[in-house]
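# pasting a predicted model and its sequence here:
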Amino acid sequence: MKLKRRVYAKLITVFLVGLIFQWFGNMSVYAYIIEDMREVPYYQYNYDVYLHEIPSAAGYFPSRWVRGEDLGVGAFKNPSDMYVDSKKNVYIMDSGNKRIVICDKNFKLIKVIDKFFDNNGDIQLVEPEGIFVDKDGFIYICDKGAKVVLVVNQDGKLVKTIEKPITDLKAAKKDFVPFKVVVDNAGVIYVLSLGSFEGAYMFDQDGNFLGFYGSNKVVVTWQLLVDRIWKSILTKEQKSSMVRYLPTECTSIDIGKDGFIYTTSNLTDISEGEIRKLNYLGENILWYKKKGQTRDYGDIPKYSGKELEDTYFIDIDVTNDGFINALDYERGRVFQYDQNANLLFICGGKGDQIGTFRDPVAVDSIGNALLVLDKLKGAITVFEETKLGSLVHKATILYNEGKYDEARDLWRQVHKMDFNFALAQVGLGKALLRMNRYSDAMYYFRLANDKEDYSEAKENLRNEFLKRNFGVLATTLIVMIIALYIIIKRFKKPVSAQEIYTKKINKYKYPIHTMLHPFRGFEELKEERKGSVGLAILIVFLFFITMVINRQYTGFIFNPYRQDKINIISLFSSTVGIFFFWVLSNWMVTTLMEGEGKFVEVWIFSAYSLVPYIICTLLAVIMSQFLIAEEAMFINFVRMIGVLWLIVCLFNAMKAAHQFSAGKTVGTMVLSVIGVGIILFILVLMLTLFGQLIDFISNIYSEILLRI
């Protein structure tokens, strides 16, 4: 009996384990998931394809703290920067102690440089901040207090000094306060100075000033355009009192293994393009998705009370594999991007636990491990890759090299571990596209909201379908045309011109009649008085239904909306509500201007004018199911025809309803549009006041309850 129980228990165990393995795909993925179930002391999240914050699997976990005591050199005091050289040695600028602490990649102490000297004696650091080590091992120190950049060897002996340049350039006459420095492979030195809006100072190997590099452009806003208009008409004295628009200054600089310069800045006006990759001309070549499109880096800006919270990047690091790590000072988070500006991982936060920071000032990397220096804690936090992070990094490298087939298995494992990881979905779609599995590729591209690649897959699928079925489709089309011609010939009765002129039109056919003959159709509708209120209400209802269909069922490539989220009340208000306000506003305006149209007539005539727009919108929705991105002009043409047809019909409808001249009709329509705006403003104002009244009554009621 016991033997049977053991056998049954083993069978059940094997069955359950088999189900688990089947669910996760394979043994290795299951092992990865178990290994990656590490807790991090901060909220782990990412952004989905619609830029909404969602919980996410961790790509990094904080493994250890490294303090000065751990290195045997005593506590760090206000450390300000660190740098990892080509040998993976870590240089820590211990500013408060005015020394440089050097350790290897395992954080074993190599040496401490606490004495700096030249041929004339000792040199005292005043307020050192930035640090960089070139390929020859020379150490560059930005001393803000002394307003110089010191270049020393590994023993602390001064090699050269870079000071404020002597030049006729007006921009270089500002105070020189260096805080970040990098050196490229050609020996050109790039220095960031506080208050410099012209970009980085450039010096050659001998310290000669070469000019400025990589300045940000002035962000064009509506306020800037308005001020430019004012400046064109104001006097010189008045112009001088206006706000000056200057580019934002860079907050950090780094140089990648590829030789390109990377910078961070804080473009607070539009919150885009805060991270840049600069070519030799100082132009940004870090584009998102496609050339010419930048993105908002860091967290999505949002309001906390009345204050707008946005990311403030204080440091940047580029790994040997090209991954870009940017440190957000405001929230203590590290945002990691690939070379296509795709967000990979977010780690860190503000706090006192390991993995969180009080005053983060620098980020660097050893391989794909991240190092974050906290000035207040006086410690370096080491973040190691999780298995998910390792898979993503390997797959991303292959993906960016165009090796989609090799990356497919890695992306599949990532997709199973984190279903919402958009880059994995795109990677799988790319691989399936190359395998001619177009339907499967479209599924993953849609998950990733990748319309461009989805369009390519759809085009291939459509071409394949047409090649297989062209004969059947062509034959069917010819048969349908012939059948339609025979039916029309068979049932069409000859009608004379006199009969056409005198024939009475059924009132239920007037919406089509006015659409096809807008110039005389509405005049006939006015004379015959055959407008139907019920039919007009039905058309307005169809208008609302059409807008719902347009929003939900327009083809994915051409649809800017999320089909899984729809607010029917909002859509009803923006269609039927606006239509009602139009009718009300037009009736009130034309009544004051002695128009003959009644409220019911304005409603009917306006509703009949919607028919061509409804038809063209539905036709555009149908076309969107078959067309691709390159054929968008056909859909836009149909929609434009619908809008223009609506305007023509509405113009003739109002002209006929009120018996106005053409000029007077245009004037009343413009006033009616303004009237709609006034009605909406009053409505919003009333709702706001009503809400405040409710809050006031609620506060009084709560106060009374507290005092009873």
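Received it, and whenever you're ready, just let me know what you need. Residues are numbered from 1 along each chain as shown.
# and the helices in the stretch 401-550 of the chain?
Under the criterion DSSP state H, counting those that start in this stretch, helices of the stretch 401-550 of the chain are mapped to 404-417, 422-434, 438-447, 451-491, 497-502, 510-516, 518-528, 533-553.
# out of those, which is closest to Met593?
Between Met593 and these, the tightest spacing by CB to CB is seen for helix 518-528, at 17.4 Å. Any C-beta I mention is one placed from the backbone N, CA and C, and that applies to glycine too.
# can you pull the buried residues of the closest one?
Within helix 518-528, the residues that count as buried by 16 or more other CB atoms under 10 Å are 518, 521-526.
# can you pull the poorly scored residue ranges out of this protein?
Applying pLDDT under 70 to the chain flags the ranges 1-38, 217-247, 267-271, 289-294, 304-306, 492-504.
# domain ranges for it, per the record?
Using automatic domain parsing, the domain ranges for the chain come out as 1-35, 56-385, 386-464, 510-691.
# tell me which of the ones you listed sits most buried.
For those, average neighbour numbers computed from mean count of other CB atoms under 10 Å are highest in domain 386-464, which has a mean of 20.
# now that one, how far from the chain's geometric center?
Offset of domain 386-464 from its chain centre (CA atoms, centre = their mean, to the nearest Å): 20 Å.
# how far away is Phe345 from Glu274?
Going from Phe345 to Glu274 by CB to CB, to the nearest Å gives 18 Å.
# tell me which stretches of the stretch 1-150 of the chain form helices.
Going by DSSP H, counting those that start in this stretch, the stretch 1-150 of the chain shows helices at 2-24, 27-35, 68-71.
# run through the neighbouring helices and strands of the last one.
Counting contacts by 3 or more CB pairs under 8 Å, 6 or more residues apart in numbering; DSSP states H and E, the secondary-structure elements packed against helix 68-71 are strand 99-103.
# would you list the buried residues of helix 518-528 in TSV and tack on distance to Ile488?
As requested, the buried residues of helix 518-528 are exported to TSV (distance: CB to CB, whole Å):
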residue	distance to Ile488
Pro518	25
Gly521	23
Phe522	28
Glu523	29
Glu524	26
Leu525	27
Lys526	32
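# closest to Asn420 out of these?
For those, the closest approach to Asn420 (CB to CB) belongs to Pro518, at 50.3 Å.
# okay if I get the helices of the stretch 401-550 of the chain as JSON lines plus distance to Ala657?
Below are the helices of the stretch 401-550 of the chain laid out as JSON lines (distance: least, CB to CB, whole Å):
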{"stretch": "helix 404-417", "distance to Ala657": "59"}
{"stretch": "helix 422-434", "distance to Ala657": "52"}
{"stretch": "helix 438-447", "distance to Ala657": "46"}
{"stretch": "helix 451-491", "distance to Ala657": "35"}
{"stretch": "helix 497-502", "distance to Ala657": "24"}
{"stretch": "helix 510-516", "distance to Ala657": "12"}
{"stretch": "helix 518-528", "distance to Ala657": "6"}
{"stretch": "helix 533-553", "distance to Ala657": "12"}
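# nearest to Val372, of these?
Nearest to Val372, of all the helices of the stretch 401-550 of the chain, is helix 422-434, at 23.5 Å by CB to CB.
# what helices or strands is the helix or strand that contains Ile635 leaning on?
Assessed by DSSP states H and E, Ile635 sits inside helix 632-658. Applying 3+ CB pairs under 8 Å, 6+ apart, one finds that helix 632-658 contacts helix 510-516, helix 518-528, helix 578-592, helix 599-609, helix 611-624, helix 662-707.
# bridged to the residue lying closest to Ile354 once chain neighbours are set aside, which residues?
Excluding the flanking residues, the one nearest Ile354 by CB to CB, 6 or more residues apart in numbering is Pro62, at 4.8 Å. Beta-bridge partners recorded for Pro62 (DSSP bridges): Phe383.
# who touches Pro62 in this structure?
Pro62 sits next to 40-41, 347, 354-355, 381-383 when contact means CB atoms under 8 Å, 6 or more residues apart in numbering.
# and which of these is nearest to Ala422?
Closest approach to Ala422 among the contacts of Pro62 (CB to CB): Cys347, at 18.0 Å.
# okay, and the beta partners of that closest one?
Note on Cys347: beta-bridge partners by DSSP bridges are Val334.
# what sits against it?
Cys347 makes contact with 40, 42, 44, 58-60, 62, 333-334, 336, 355, 370, 383 under the criterion CB under 8 Å, 6+ apart.
# how about a cut-off of 7 Å?
Shown in contact with Cys347 (CB atoms under 7 Å, 6 or more residues apart in numbering): 59-60, 333-334, 383.
# where's it relative to Met654, distance?
The separation that Cys347 has from Met654, given CB to CB, amounts to 61 Å.
# check Asn119 too.
Distance, Asn119 to Met654, by CB to CB: 92 Å.
# next one: Val472
On the measure of CB to CB, Val472 and Met654 end up 49 Å apart.
# related to what we said a few turns ago, ok, which pair from the contacts of Cys347 is furthest apart?
Gly59 and Arg333 (12.6 Å).
# can you tell me how far Leu192 is from Phe176?
11 Å.
# follow-up on the earlier one: between the helices and strands packed on helix 632-658, which one is nearest to Leu51?
helix 611-624 (23.6 Å).
# how far out from the middle of the chain is stretch 699-708?
Relative to the mean C-alpha coordinate of its chain, stretch 699-708 is positioned 47 Å out (CA atoms, centre = their mean).
# using PDB, list the CA coordinates for it.
Coordinates of each C-alpha in stretch 699-708 appear next as PDB, following Å, rounded to 0.1, in the frame of the first residue of the first chain:
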ATOM      1  CA  ASN A 699     -15.900  71.100   4.300                       C
ATOM      2  CA  ILE A 700     -18.600  73.000   6.300                       C
ATOM      3  CA  TYR A 701     -20.400  69.700   7.000                       C
ATOM      4  CA  SER A 702     -17.200  68.100   8.200                       C
ATOM      5  CA  GLU A 703     -16.400  71.100  10.400                       C
ATOM      6  CA  ILE A 704     -19.900  71.000  12.000                       C
ATOM      7  CA  LEU A 705     -19.500  67.200  12.700                       C
ATOM      8  CA  LEU A 706     -16.100  67.900  14.400                       C
ATOM      9  CA  ARG A 707     -17.600  70.600  16.600                       C
ATOM     10  CA  ILE A 708     -20.700  68.700  17.700                       C
END
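# excluding chain neighbours, what is closest to Tyr303?
Take Tyr303 and drop its neighbours on the chain: the residue closest to it by CB to CB, 6+ apart is Glu309, 7.1 Å away.
# right, and that neighbour touches Ile300 too?
No - applying CB atoms under 7 Å, one finds Glu309 not in contact with Ile300, separated by 9.6 Å.
# what about Leu592, distance to Phe660?
13 Å.
# can you check Glu703 too?
58 Å.
# which of the buried residues of helix 518-528 sits closest to Thr546?
The nearest one, if we look at the buried residues of helix 518-528 relative to Thr546 and count by CB to CB, is Pro518, at 19.6 Å.
# how much space separates that closest one from Ile162?
Separation of Pro518 from Ile162 (CB to CB) stands at 76 Å.
# thought Arg408 was touching Leu428?
Yes - counting by CB under 7 Å, Arg408 touches Leu428, with 6.5 Å between them.
# quick check: end-to-end length of stretch 376-387?
Stretch 376-387 stretches 31 Å from its first residue to its last (CA to CA, to the nearest Å).
# swap that for stretch 186-196, sorry
Per CA to CA, stretch 186-196 runs 24 Å from first to last residue.
# kind regards, and thank you for your time.
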